[in-house]
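[1] With the sequence up front, the predicted model follows.
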Amino acid sequence: MQFTRLRLSGFKSFVDPTELLIEPGLTGVVGPNGCGKSNLLEAIRWVMGENRAKSLRGSGMDDVIFAGTDRRSPRNLAEVTLVLENRDRNGPAGFNDEDLIEVTRRIERDSGSAYRINGKDVRQKDVQLLFADAATGAHSPALVSQGRIGNLINAKPQDRRAILEEAAGISGLHTRRKEAELRLRAAEGNLVRVQDVIQAME
Ligand code: ATP
């Protein structure tokens with residue numbers, strides 16, 4: 001599975017619809033200060049389900065929407081699509097019949113985000129799990145932003161373990177285990193209630 005295209009519209013400085021091809025191999029983004037290099041990396045993390053505005057250099061999630069300039073008025077929505085090629089069928093389970101996987105996140109001012117995978121509405125968690133199962137995600141060490149290398153070198157052992165787990169593609173299992181534990185606790189609660197009712201009837 002490989003990232004092949006990134007489409008942005010209204011996201012930070014990318015006010016006009018913009019499409020970038022992501023070629024195989026290492027990708028570097030070069031340009032003058034302030035041209036939007038970091039914004040591109042943030043767009044990839046955002047569409048993967050990043051939910052901490054601070055890590056996108058904003059105070060709220062609406063800050064990713066184009067805020068206007070002297071010459072252009074602000075926008076009320078932003079949309080980013082990441083296209084993944086899955087011809088080798090190496091993608092996450094559940095997508096074995098798909099040559100392409102298109103993940104879209106859209107945000108409207110004051111209305112929050114919505115996600116789609118191949119045109120179908122999905123939850124944020126579905127998108128996060130898709131990328132976690134593909135051994136990547138919004139916090140993947142493969143996305144190297146400014147200051148990240150220093151952070152990795154100084155990381156605590158637990159944080160390094162999280163990096164290794166992500167690289168091994170098992171971080172999605174932790175989320176699923178937590179969900180299973182919550183369901184188990186709810187079922188145990190129901191069982192206790194049923195026993196109470198049976199006792200009351202005896
Ligand atoms: P440097 O090389 O200095 O790190 P860069 O190429 O990484 O810069 P970015 O930090 O990606 O540049 O982009 C900064 C630009 O994006 C600034 O001009 C900033 O005004 C603009 N920008 C950020 N958020 C928004 C927004 N919501 N609306 C409009 N413009 C924005």
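    Received, thanks.
[2] Tell me which residue is most central in the protein.
    For the chain, the residue sitting closest to the mean C-alpha position, by C-alpha atoms, centre = their mean, is Met48 at 1.7 Å.
[3] any idea how far the ligand is from that residue?
    Going from Met48 to the ligand by C-beta to the nearest ligand atom, to the nearest Å gives 17 Å. All C-beta spots, glycine's among them, are computed from the backbone N, C-alpha and C.
[4] Now the longest helix seen in the chain: average pLDDT?
    Criterion DSSP state H: the longest helix present in the chain is helix 171-201. Helix 171-201 carries an average pLDDT of 89.
[5] which parts of that helix are buried?
    Residues of helix 171-201 classed as buried by neighbour count (16 or more other C-beta atoms under 10 Å): Ser171, Gly172.
[6] elements contacting it?
    Where contact means 3 or more C-beta pairs under 8 Å, 6 or more residues apart in numbering; DSSP states H and E, helix 171-201 is packed against helix 124-133, helix 157-167.
[7] Centre of the chain to the lowest-mean-pLDDT helix or strand in the chain, how far?
    Taking mean pLDDT, DSSP states H and E as the measure, the chain has helix 148-153 as its least confident helix or strand, at a mean of 74. Computed by C-alpha atoms, centre = their mean, to the nearest Å, the chain-centroid distance of helix 148-153 equals 21 Å.
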